[in-house]
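Trainee: predicted structure and sequence below. I'll ask about it afterward.
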Amino acid sequence: MTRGRSGNGKGPVASLDPNRPTPRRIYIMVGAPGAGKGTQAQLIAQALGLPHIASGDLFRAALQADEALGREARRYMEKGALVPDDVTVRMIADRLAQPDATAGAILDGFPRTVAQAIALDTLLARRSERVSAVLYIAVSETELMRRLSGRWVCTGRQQHVFNEMLRPPKVPGICDIDGTKLQQRPDDQPKTIRARLDKQLPPMYEVIDHYNELGLLMAIPGEQPVEEVTAALLASISRGTPVAVR
Ligand SMILES: [Zn+2]
């Protein structure tokens, strides 16, 4: 059997200098609420063997931990205020410095604004690194509204979740599993959701534009079934060619 020198089972030869470390693969997941970003980030992280770094988890961990940075973040969170970018960026930097992220990471929920994106780019550039690609799960606003409104939660202890469109209960208003009444939270009512999207989408589009200009954006249609979105994401990553669509 004749094989090329790179066919030694150790993957492609990335560099002529054997001492030069393989660059980290840092992917950013971007998507509106309801686009399935968190789920996909987890699946992609598993498939690529990289840690899934969700900013929400970092904030929750900061609330528990007793470290200077966490205490600082906590002061804002306890007031219900947004954690300032410099604190958030330092938390992400700390997380990226941990041993499990030596091969890279999947960032989920960060950067949320162009200011954060630029801060991240700067942070990475200081170590001669950069974002590998930005994976945007594209879902139309009509579809987002359809997915996010019509969410009903049961009043039983388990709080089972139903959705008028995507997962309707067999008997309207009643939980399939424990028979308790379903109720709609104020947060899940269409008016509230529209307001939330109007507030969250513009900064997300700015982040998308920022990385589009840098040639790093990969847009993946997000209205197909979960497994197909995952497959499309993985295909885009392995092709490595950014596709700028919006
Ligand atoms: Zn239930």
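Mentor: Great, that's in hand.
Trainee: residues of this protein that sit close to the ion?
Mentor: Within the chain, the positions adjacent to the ion are 154, 156, 160, 175, 177, 178 by Cβ under 5 Å from the ion. Every C-beta, even on glycine, is put in place using the N, C-alpha and C of the backbone.
Trainee: the fourth one contacts residue 161, correct?
Mentor: Read that as residue 175. No. Residue 175 lies out of contact with residue 161 (Cβ atoms under 8 Å); the separation is 9.7 Å.
Trainee: out of the residues of the chain next to the ion, which one sits closest to residue 125?
Mentor: residue 160 (46.5 Å; Cβ to Cβ).
Trainee: for the closest one, which non-adjacent residue is closest in space?
Mentor: Using Cβ to Cβ, 6 or more residues apart in numbering and skipping the chain neighbours, the partner closest in space to residue 160 is residue 154 (4.5 Å).
Trainee: ok, that neighbour touching residue 181?
Mentor: Yes. Contact criterion Cβ under 8 Å: residue 154 and residue 181 qualify, at 7.2 Å.
Trainee: of these two, which one has the most company?
Mentor: Neighbour totals were compared for residue 154 and residue 181, and residue 154 leads with 22 against 11 (other Cβ atoms under 10 Å).
Trainee: the more buried one pairs with what?
Mentor: For residue 154, the beta-bridge partners are residue 182 (DSSP bridges).
Trainee: can you show me the CA trace of the longest helix anywhere in the chain as CSV?
Mentor: For the chain, the helix with the greatest residue count under DSSP state H is helix 190-213. What follows is helix 190-213, C-alpha atoms only, in CSV (Å, rounded to 0.1, in the frame of the first residue of the first chain):
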residue,chain,number,x,y,z
PRO,A,190,-45.7,37.3,21.5
LYS,A,191,-45.6,40.9,22.5
THR,A,192,-42.7,40.3,24.9
ILE,A,193,-40.9,38.2,22.4
ARG,A,194,-41.2,40.8,19.7
ALA,A,195,-39.7,43.4,22.0
ARG,A,196,-36.9,41.0,23.0
LEU,A,197,-36.0,40.3,19.4
ASP,A,198,-36.1,44.0,18.5
LYS,A,199,-33.6,44.6,21.3
GLN,A,200,-31.3,41.6,20.7
LEU,A,201,-31.2,41.3,16.9
PRO,A,202,-29.6,44.6,15.9
PRO,A,203,-26.4,44.1,17.9
MET,A,204,-26.2,40.5,16.6
TYR,A,205,-26.4,41.7,13.0
GLU,A,206,-23.6,44.1,13.7
VAL,A,207,-21.4,41.2,15.0
ILE,A,208,-22.3,39.3,11.8
ASP,A,209,-21.4,42.3,9.6
HIS,A,210,-18.1,42.7,11.5
TYR,A,211,-17.0,39.1,10.9
ASN,A,212,-18.4,39.2,7.4
GLU,A,213,-16.1,42.1,6.6
